[in-house]
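# Next input, structure requested:
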Amino acid sequence: MLAVRIILSVLLCASSLVLLTNLHALRRARALESGGARATGQCVDHFWPSGGYVGAICVYAVEPGEEMRVRSSRYTTAPVEIGEEVEVLYRPGDPKSSMLAFEAKNRTGFDVALSSVMAVLSAGAIVGLALTV
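Numbering: from 1, shown residues only. Here you go, the predicted model:
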């Protein structure tokens, strides 16, 4: 019985951590979508994190002469090609907090689905812990 409680406790901690991290990312993406400023950027390079993935590095200007960088998430194929224009969302008071517009839109659906799954796993672990008392 102790082993079951330990497994349920680990499941509760892990799913809660993923849930909270995901809710933070969802909140950030929605805030940028609804209240963020928009700028046109351009893909200037690609980066290759481990695992055979690729991401894009894009630059955009908030003010003339002030160039900011934003990195995309990682993908199996390049999300944009070098030289291609992209729309960037950023927080007006903090232009370094930015995200590619297409990622903010795509992220919302993914984060809602993953948050729902993690909430169900957390609730199941709580019920399991309550029943094994």
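
# what packs against the longest helix belonging to the chain?
When the chain is parsed with DSSP state H, its longest helix is helix 2-35. Counting contacts by 3 or more C-beta pairs under 8 Å, 6 or more residues apart in numbering; DSSP states H and E, helix 2-35 packs against strand 85-91, strand 94-100, helix 101-131. (Glycine included, C-beta is placed from N, CA and C.)

# Can you give me the buried ones in the second one?
Yep, that's strand 94-100 we're talking about. By neighbour count on 16 or more other C-beta atoms under 10 Å, the buried set for strand 94-100 is 95, 98, 99, 100.

# again with the first one
Buried residues in strand 85-91, counted by 16+ other C-beta under 10 Å: 86, 88, 89, 90, 91.

# I'd like those as CSV, with pLDDT appended.
Below are the buried residues of strand 85-91 laid out as CSV (pLDDT from 0 to 100):
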residue, pLDDT
86, 95
88, 93
89, 91
90, 90
91, 86
